[in-house]
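1. Sequence and predicted structure are below.
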Amino acid sequence: MEDFIKKTAEYIVSSKHVVALTGAGISVESGIPPFRGKGGLWEKFDPMEVAHIDSFMNNPEKVWRLLISEMKELLVSAKPNAAHLGLARLEELGLLKTVITQNIDGLHQMAGNKDVIEFHGSFAWLRCLDCGSREQTVEVDLSHMPPRCDCGGIYRPECVFFGETIPMQDLDRSQIAASTCDLMLVVGTSAIVQPAAFMPVIAKQSGATVIEINPEPTPLTGTTSTLLVQGKAGKAMRKITAEVGRIIAEKQR
């Protein structure tokens, strides 16, 4: 693993346009469970019952009580971990240009990343179905379900529900970022959910190097990606960022 950490840092420092694609695995270490897989939210809830736009529109109170209120509590307590902070540091150094995330927790922005494409929207903000006004989720009073705007309209999260399409501007920006980068870091994602999972393929086909940072191999491993840094995202990114700092300091001597 240490050799791959060093190689990844060397790739980052020598690249001109680095983009990161992140998934649920990067936020697990912040206490946010994934939706899929062992321990995921879909083991507790039927996604078609609580996460489909038709379910929300037909019975917003039920969806708020079963799913969204639980997500609010997670968001209140969750803080960026070393993986989020590492990516923010790479952006601060001028090395990382864009983060494309499948996550809806807002932790990349909290860590300090400025250019974040939220592929599936965000749970961190709510929007009124009637007047369109926005409010931070952590600031909304949940004593009455579903929570309502001052105008009387029902709030909905700004995430993409099942049955809704990815916002075209986010899809377009993601495809542009993937096709113009020379290095893509794939951090904490199984690379299964489309269309986000196709971004590394676009990067590879456009001539970029793809490096994975994941606990286990994925469908990208050995085909699309050049390296797999196998391990937890926080630990790996902490070491990669430290090595990047060492290389830069060495060059400045």
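-> Here it is on my side, so go on. These numbers come from a predicted model, not from an experiment.
2. Would you mind giving the secondary structure of residue 98?
-> Three-state call for residue 98 (DSSP: H, G, I helix; E, B strand; the rest coil): strand.
3. per-residue confidence for it?
-> We have a pLDDT of 97 for residue 98.
4. check contacts around it.
-> 19-20, 115-117, 173, 177, 181 (CB atoms under 8 Å, 6 or more residues apart in numbering). Yep, even glycine has a C-beta here, placed from its N, CA and C like the rest.
5. where exactly do the helices run in the stretch 151-253 of the chain?
-> Assigned by DSSP state H, counting those that start in this stretch, the stretch 151-253 of the chain shows helices spanning 168-180, 199-205, 233-252.
6. out of the ones you listed, nearest to residue 94?
-> Comparing the helices of the stretch 151-253 of the chain against residue 94 with CB to CB, the closest turns out to be helix 233-252 (10.2 Å).
7. Out of the helices of the stretch 151-253 of the chain, which is the most enclosed?
-> Of the helices of the stretch 151-253 of the chain, the one with the most neighbours on average (mean count of other CB atoms under 10 Å) is helix 199-205, at a mean of 21.
8. contacting residues around it?
-> Residues contacting helix 199-205 (CB under 8 Å, 6+ apart): 19, 21, 100, 174-175, 177-179, 181, 184, 186, 191, 210, 220, 224-225.
9. how does it look with 7 Å?
-> 21, 100, 174-175, 178-179, 181, 184, 186, 191, 210, 220, 224 (CB atoms under 7 Å, 6 or more residues apart in numbering).
10. How far does it sit from its chain's centre?
-> Here helix 199-205 is found 17 Å from its chain centre; the criterion is CA atoms, centre = their mean, to the nearest Å.
11. how far away is residue 8 from residue 182?
-> 14 Å (CB to CB, to the nearest Å).
12. So for these two, which sits in the more crowded spot?
-> Using other CB atoms under 10 Å as the criterion, residue 8 and residue 182 rank with residue 8 on top: 25 against 16.
13. now the strands for the stretch 1-150 of the chain?
-> Under the criterion DSSP state E, counting those that start in this stretch, strands of the stretch 1-150 of the chain are mapped to 18-22, 96-101, 116-118, 121-128, 134-136.
14. Residue 166 is nearest to which of these?
-> Judged by CB to CB, the one of those that comes nearest to residue 166 is strand 121-128, at 8.7 Å.
15. Against which helices or strands is the closest one packed?
-> helix 69-77, strand 134-136, strand 155-159 (3 or more CB pairs under 7 Å, 6 or more residues apart in numbering; DSSP states H and E).
16. residues making contact with that strand?
-> Strand 121-128 has contacts (CB under 7 Å, 6+ apart) with 71, 75, 104-106, 134-137, 140, 149, 151, 153, 155-160.
17. ditto for stretch 24-32
-> The contact list for stretch 24-32 (CB under 7 Å, 6+ apart) reads 34-35, 74, 77-81, 83-84, 103, 105, 107, 187-189, 214-215, 232-234.
18. ok so, going back, looking at the contacts of residue 98, spot the one nearest residue 89.
-> Nearest to residue 89 out of the contacts of residue 98 is residue 20 (CB to CB; 12.0 Å).
19. for the stretch 1-150 of the chain, which spans come out with low pLDDT?
-> Residue ranges of the stretch 1-150 of the chain with pLDDT under 70: 1, 34-50, 67-73, 75.
20. mind redoing it with 50?
-> Scanning the stretch 1-150 of the chain for pLDDT under 50 picks out 40, 42.
21. And the contacts of stretch 24-32, which of them are buried?
-> With burial judged by 16 or more other CB atoms under 10 Å, the buried subset of the contacts of stretch 24-32 is 34-35, 74, 78, 80-81, 83-84, 103, 105, 107, 187-189, 214, 232-234.
22. picking up where we left off before, got a quick PyMOL command for the buried subset of the contacts of strand 121-128?
-> Only the buried entries of those go into this PyMOL selection, using 16+ other CB under 10 Å:
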select buried, resi 71+75+104+105+106+137+140+149+155+156+157+158+159+160
